[in-house]
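> Just need the structure, nothing else, for what follows:
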Amino acid sequence: MRCPYCGSLDTQVKDSRPTDDASAIRRRRICPDCGGRFTTFERVQLRELFVLKKSGRRVPFDRDKLERSVEVALRKRPVDPERVERMINGIVRQLESQGEAEVPSETVGELIMEGLKGLDDIAYVRFASVYKDFREAKDFEEILGKLAEDESMEPDEPPSSRAGE
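Numbering: from 1, shown residues only. Prediction:
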């Protein structure tokens, strides 16, 4: 692993342990040349994925890009980072288990929207506004209407029984 500080290829692993959800290995490394310390993460990759863009271009799937777009949608929102990591891991697993080496960008976007809907309504609307290329206020009204419909379709909590009424 190349040292991010001096570029040396001779770095040493000082500590390894699984992440909380056991989906990756966290390694603490040190560079003997400059003394720099840094952390790397090692994840299982089932297959090499490519994303088919609307323009027809094929680009390698980039987990970091997915993480960044989710972070932007969730900026300043009170969502537990572990829940976000589980959502991202779930999306990646779904994409890898589809059996296809090429995934349409629409599929990736829909999976992200589905995941954000379960995490935070505001992040869901933020992501949808960029992903669906909202141009007018009515675009927001439509997605908020769908969100309200989905929430009203969820089963209600059973009424509490109070003695004496």
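> what bits of this protein have low per-residue confidence?
21, 44-47, 151-165 (pLDDT under 70).
> mind redoing it with 50?
For the chain, the stretches with pLDDT under 50 are 157-165.
> Mind checking which residue lies nearest the centre of it?
Against the mean C-alpha coordinate of the chain, by CA atoms, centre = their mean, the closest residue is Ile88 at 3.2 Å.
> so what's that one up against?
Ile88 sits next to Arg63, Leu66, Glu67, Val70, Gly115 when contact means CB atoms under 8 Å, 6 or more residues apart in numbering. In short, each C-beta sits where N, CA and C put it, glycine included.
> Not counting sequence-adjacent ones, nearest residue to the second one?
The spatially closest residue to Leu66, leaving aside those adjacent along the chain, is Ile88, at 6.2 Å (CB to CB, 6 or more residues apart in numbering).
> and if you look at the last one?
Nearest-residue entry for Gly115: Met87, 4.2 Å, with adjacent residues in sequence omitted and distances by CB to CB, 6+ apart.
> can you tell me which helix or strand that neighbour belongs to?
Element membership of Met87, judged by DSSP states H and E, is helix 81-97.
> Okay, now the sheet partners of the next helix or strand after that helix, with direction.
Downstream of helix 81-97, the next assigned helix or strand under DSSP H and E is strand 102-104. With DSSP bridges as the test, strand 102-104 is paired with strand 50-52 (parallel).
> Next, the buried residues of the strand it pairs with.
Burial within strand 50-52, assessed by neighbour count using 16 or more other CB atoms under 10 Å, is assigned to Val51, Leu52.
> Repeat that for stretch 80-100.
Within stretch 80-100, judged by 16+ other CB under 10 Å, the buried ones are Val84, Glu85, Arg86, Met87, Ile88, Asn89, Ile91, Val92, Leu95, Glu96.
> Helices of this protein, start to end?
Ranges of helices in the chain, per DSSP state H, are 63-74, 81-97, 105-119, 121-131, 137-153.
> Relative to Ala24, tell me which of these wins on proximity.
helix 81-97 (8.6 Å; CB to CB).
> okay, the angle between that closest one and helix 63-74?
Per axes from the mean of the first three to the mean of the last three CA atoms, to 10 degrees, the angle that helix 81-97 makes with helix 63-74 is 140 degrees.
> Can you give me the neighbour number for the spatially closest residue to Phe134 that is not a sequence neighbour?
Leaving aside its sequence neighbours, Phe134 sits nearest to Phe140 (CB to CB, 6+ apart; 6.3 Å). Around Phe140 sit 13 other residues, with neighbours defined as other CB atoms under 10 Å.
> rewinding a little: going through the contacts of Ile88, which ones are buried?
Members of the contacts of Ile88 classed as buried by 16+ other CB under 10 Å are Leu66, Val70, Gly115.
> Fine by me, thanks again.
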